[in-house]
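>>> Below: sequence and its predicted model.
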Amino acid sequence: MDIRVRHQPEQHRFAAVHEDDVVGVAGYERRDGVVVLTHTVVERAVEGKGVGSALARTALDAARADGLQVVPVCPFMNAWIRRHAEYADLVVEPPTD
């Protein structure tokens, strides 16, 4: 399956696109110098085909490239990072108010 992930900063998300259809999104918020990964949604028709992984990898690579750390409040992102130790260094505790 050919998946392209596009950063859509105006919508605070990364969108996974197959052909011309958005088949998944990873939402985020930037606050206090970190990227808070808030939610990930993948269309049922493409679950298990690497869409979530493509979203996670792209979002985390973008954070690294921008010198930012992440707070994975999204259960999918949190679990994905635990399975991919090469991204563990990006994780920080949520900032306290």
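Here it is on my side, so go on.
>>> contact partners of the longest helix seen in the chain?
Determined from DSSP state H, the single longest helix within the chain is helix 51-65. Residues outside helix 51-65 that contact it (Cβ atoms under 8 Å, 6 or more residues apart in numbering) are 1, 3, 5, 7, 14, 16, 18, 23-26, 28, 35, 37, 40, 42-43, 69-70, 76-77, 80-81, 84, 87, 90. Where you see a C-beta, it was placed from the backbone N, CA and C, and this is true even at glycine.
>>> Of those residues, which belong to helices?
76, 77, 80, 81.
>>> ok, now which ones touch residue 72?
37, 78, 81, 91.
>>> And these, which two are furthest apart?
Spatially, the most separated pair among these is 37 and 91, at 9.8 Å (Cβ to Cβ).
>>> Now the longest helix of the chain: buried residues?
For helix 51-65, the neighbour count (16 or more other Cβ atoms under 10 Å) marks 51, 52, 53, 54, 55, 56, 57, 58, 59, 60, 62, 63 as buried.
>>> Check what pLDDT the first one gets.
Looking back up the chat, that one is residue 51. On pLDDT, residue 51 comes in at 97.
>>> Noted, bye for now.
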